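Colleague: Pasting a predicted model and its sequence here:
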Amino acid sequence: MPKTTEKYWEVDISRAMLDSANSFGNLGKVGEEYLTNSLDAFETLIHDNTELNLNRMDCKIRMVINVPKKEIIFEDSHPLMGMSSDSIFNSFFKLHGENLARKRFVNVRGKYGTGKVASFGINANYFIIDSVCKGLRTIAKATKKAFFSGDKPKLDVIGVDEKSNNAENGTTVTISLANSKYVSERSINNAIRHLQKIFGRFLDMYFIEVVTVLSNYNTKELRLAYNSPNAVYEKIYPLPEKYKKIIGETNLVIKRAAEPIEDEDLRGVLITSNFYPKEQTYFGLDNKPYSDRYFGEWEVPFLDKYEGENPPMLSTRELRLNQDNEIVQAMYEFGREILVRELEVFAENEKARKRDETTRKLDKIAQELNSVLNDDFSDYEEAKSLGKGEQGKVKRKGTFEDSDKSIINPDSPESEIRRGDEERLVKTPEGDLAGKIKTGNKKGKKRQEKAKLKQDDNAPKNGSLKHIERQKYGGGFTVRFEQLSHNDFIARVDKVTKIITVNLDADPIKVHLKNCTNNIYDPAFRMFAYSAAIDEYARYCIHTQADNSEFFGTPPEVAQEAADLVRDIKKRIFDKLAGILKDTPSEEKNG
């Protein structure tokens, strides 16, 4: 019988390590790995020395980005920190091994130690680890060049357990980059945002400082802190009993911001375990209306205590949980149920709020529309009294060519208006134009209600010989709704009373009213009805011009001019109303 021999996998360790390094392709991920080493080390100290009541704030951690030197330095210091030579060579430089602290259920982030080669993912030439533990210093250097030697990558050992009486206990990792690509301003800003997201609330427990040495050798200092949107609403949801058996005793906290959250990194519920972020999620409801206003927190210690074959955390470095794990499935089921309820309630409240806000605005329109129409018509009358074109200049095709010679009776108030530079309007309590008084005239002169334009003696013989009477209609517009038992018109203005009547029996009005459940106060109906009233007002203005024979040219030209004027008048009215609404205080958006 032939002799059997055992066979094993063979691996090119250099290639495997460089492939692992490729997972760390930006400054943020590199910073995450080396800062994790410091945080995990101190968390292990806390776990193993409970009697000392260690304060996390006493552990000083820094990330120094030296742009001119193309260096990144990670430092931590504390009387109990630092690594012995044995820890450095048998643990720190050991990749793909089981994290011993994690095996003892210490609250750590590290898993398999692959982050040691992270610096080579951003094209580092080398990195140096310099650690002081209990007064003994060990220094070693790892170069990228060593990975291409064809043998196992060798470390350059600079010193082992050398006495260092003055240095603080702690560890410094210095990374030397081949170029400055990964320490550009954009890379640094992105890295800071990544670190704030990845460490979450843990940042508030430690003092982690980022120091940037700029190209001009000025420095910027920043403490990393947990950023969270300001909440205008917060609710705590305890777990029902059926979920407690799977997820444990924990509460889901749902919050809402006043406005949509622009930064995507801050949206969603942040799921943590022992305060380390594990996933930020909307439980699959990312595209639901108003979801971008919601965020929250969910601390689930069970995630780090799971011992089954299908762990809740994935082996990747993404903030993503294993959807096939029973704990994660239960979390998603409960979280989705709660968030769906929150979104539906808020959507209904928001719909009611917008409806109320629209109603308030339409009430404001109802209050202001009459005065806006009257003021606009006064301005219109004023413009007409001054004439078209240059001030006081009336042109009529084939009629008065010499417009410098007055075509108006010198005693007419019209001529006073032309000569005067300033004037003001005097209105009766009813709103009708009572007169126009020239500024500076102590006695004042009441404006005549009608003025006749007579043909001047110097007018051409082919000019019109009939008197032209300019109509003065005045203000006093009001808008009313009436059922007129016929559908002849949508809206009509009475030239004498200036009442604009919206006919509730007109077919278009009836259709809109029916669509608004026959509620005359419905915002949608009011908006349509007021638009009809404004349309009628614009046509009324055009009719007054037609009555005064102020349109000249061929029928198509007159029709086009009239259409343009209707458009301009409507735009002017809507612009005035929009200005009023803009100044109307709106309800605070904090519901």
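Modeller: Structure received. Residues are numbered from 1 along each chain as shown.

Colleague: what does the average pLDDT come to for whichever helix in the chain runs longest?
Modeller: Ranked by residue count under DSSP state H, the longest helix found in the chain is helix 326-386. Mean pLDDT, computed over helix 326-386, is 82.

Colleague: That one packs against which elements?
Modeller: Judged by 3 or more CB pairs under 8 Å, 6 or more residues apart in numbering; DSSP states H and E, the packing partners of helix 326-386 are helix 241-247, strand 251-256, strand 268-273, strand 294-299, helix 413-419, strand 478-482, helix 523-547, helix 555-582. For the C-beta atoms, the positions are set from N, CA and C on the backbone; glycine is no exception.

Colleague: Show me the contact partners of the lengthiest strand in the chain.
Modeller: When the chain is parsed with DSSP state E, its longest strand is strand 124-133. Residues outside strand 124-133 that contact it (CB atoms under 8 Å, 6 or more residues apart in numbering): 81-84, 87-88, 92, 119, 137-145, 158, 164, 167-178.

Colleague: Tell me the buried residues in it?
Modeller: A124, Y126, F127, I128, I129, D130, S131, V132, C133 (16 or more other CB atoms under 10 Å).

Colleague: Can you tell me the number of residues neighbouring A559?
Modeller: The number of residues packed around A559, counting by other CB atoms under 10 Å, is 12.

Colleague: how far away is the residue nearest to the spatial centre of the chain from P229?
Modeller: Geometric centre of the chain, nearest residue: E262, 4.2 Å, by CA atoms, centre = their mean. Remark: distance between E262 and P229 (CB to CB, to the nearest Å) = 9 Å.

Colleague: Also N166?
Modeller: Counting by CB to CB, the gap from N166 to P229 is 46 Å.

Colleague: Go through the helices and strands packed on helix 326-386 and name the closest to Q196.
Modeller: The minimum distance between Q196 and these falls on strand 268-273, with 11.5 Å, by CB to CB.

Colleague: What pairs with the closest one, parallel or antiparallel?
Modeller: If you go by DSSP bridges, strand 268-273 pairs up with strand 276-281 (antiparallel), strand 294-299 (parallel).

Colleague: Extract the CA atoms of the first one and return them as PDB.
Modeller: What it means is strand 276-281. Output of strand 276-281 as PDB, limited to C-alpha atoms (Å, rounded to 0.1, in the frame of the first residue of the first chain):
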ATOM      1  CA  TYR A 276     -18.400  51.200  17.900                       C
ATOM      2  CA  PRO A 277     -20.500  51.800  14.700                       C
ATOM      3  CA  LYS A 278     -21.500  48.700  12.800                       C
ATOM      4  CA  GLU A 279     -23.900  50.000  10.300                       C
ATOM      5  CA  GLN A 280     -25.800  53.200   9.400                       C
ATOM      6  CA  THR A 281     -29.200  52.300   7.800                       C
END
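
Colleague: What are the buried residues along it?
Modeller: Those would be Y276, P277, K278, E279, Q280, T281, for strand 276-281 by 16+ other CB under 10 Å.

Colleague: For those residues, name the two members farthest from one another.
Modeller: For these, the farthest-apart pair by CB to CB is Y276 and T281; their separation is 15.4 Å.

Colleague: sorry, back to before: quick one: which of the contacts of strand 124-133 sit in helices?
Modeller: Using DSSP H, these in helices are S87.

Colleague: Among the contacts of strand 124-133, filter down to the buried ones and hand me the PyMOL syntax, if you would.
Modeller: To isolate the buried ones among the contacts of strand 124-133 in PyMOL, judged by 16+ other CB under 10 Å, type:
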select buried, resi 81+82+83+84+87+88+92+119+137+138+139+140+141+142+143+144+164+169+170+171+172+173+174+175+176+177
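
Colleague: Restricted to strands, list the contacts of strand 124-133.
Modeller: Judged by DSSP E, the contacts of strand 124-133 include 137-143, 158, 170-177 as members of strands.

Colleague: quick check, nearest of these to E75?
Modeller: Distance to E75, by CB to CB, is smallest for T172 among the ones in strands among the contacts of strand 124-133, at 4.9 Å.

Colleague: In this structure that closest one contacts I73, no?
Modeller: Yes: here T172 reaches I73: they are 6.4 Å apart, a contact under CB atoms under 8 Å.

Colleague: Please, where are all the strands along the stretch 401-550 of the chain?
Modeller: Secondary structure of the stretch 401-550 of the chain, counting by DSSP state E, counting those that start in this stretch: strands at 423-427, 433-438, 452-453, 468-469, 478-482, 491-493, 499-503.

Colleague: re the thing from before, would you list the helices and strands packed on helix 326-386 in TSV and tack on mean pLDDT and distance to D19?
Modeller: Formatted as TSV, those follow (pLDDT from 0 to 100; distance: least, CB to CB, whole Å):
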stretch	mean pLDDT	distance to D19
helix 241-247	92	36
strand 251-256	96	39
strand 268-273	91	29
strand 294-299	94	34
helix 413-419	32	89
strand 478-482	83	77
helix 523-547	84	62
helix 555-582	83	60
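
Colleague: closest one to F346 among these?
Modeller: strand 251-256 (7.0 Å).

Colleague: Buried residues of the closest one, list them for me.
Modeller: Neighbour-count burial for strand 251-256 flags L252, V253, I254, K255, R256 (criterion: 16+ other CB under 10 Å).

Colleague: partners of that strand in the sheet?
Modeller: Here, using DSSP bridges, strand 251-256 pairs with strand 233-238 (antiparallel), strand 294-299 (antiparallel).

Colleague: which one of those has the most crowded surroundings?
Modeller: Mean neighbours per residue, mean count of other CB atoms under 10 Å, is largest over those for strand 294-299, with a mean of 22.

Colleague: just checking, I247 touches E299?
Modeller: No: counting by CB under 8 Å, I247 stays clear of E299, with 10.9 Å between them.

Colleague: ok, for V64, nearest residue in space, not its chain neighbours?
Modeller: The shortest distance from V64 to any non-neighbouring residue, by CB to CB, 6 or more residues apart in numbering, is to I73 (4.1 Å).

Colleague: SS state for that neighbour?
Modeller: Secondary structure for I73, judged by DSSP: H, G, I helix; E, B strand; the rest coil, is strand.

Colleague: Report how many residues lie close to it.
Modeller: 20.

Colleague: Specify the beta-bridge partners of it.
Modeller: Beta-bridge partners of I73, as defined by DSSP bridges: V64, T174.

Colleague: any idea how far L35 is from V210?
Modeller: Distance from L35 to V210, by CB to CB: 10 Å.

Colleague: Kindly apply the preceding question to Y243 instead.
Modeller: Taking CB to CB as the measure, Y243 falls 39 Å from V210.

Colleague: From S87, how far out is the closest residue to K141 other than its chain neighbours?
Modeller: Distance criterion CB to CB, 6+ apart; nearest residue to K141, sequence neighbours excluded, is D156 at 4.0 Å. Distance, D156 to S87, using CB to CB: 18 Å.

Colleague: now the longest helix of the chain, how far from the chain's geometric center?
Modeller: 18 Å (CA atoms, centre = their mean, to the nearest Å).

Colleague: Could you check which of L35 and V210 has the larger neighbour count?
Modeller: L35 (25 against 20).

Colleague: and that one, what element?
Modeller: According to DSSP states H and E, L35 maps onto helix 27-48.

Colleague: Quick check: can you list the domain ranges of the protein?
Modeller: The chain breaks down by automatic domain parsing into domains covering 13-223, 233-352, 387-466.

Colleague: what's the average pLDDT for the longest one?
Modeller: Same thing as domain 13-223. pLDDT averaged over domain 13-223 gives 87.

Colleague: I appreciate the help and will end here.
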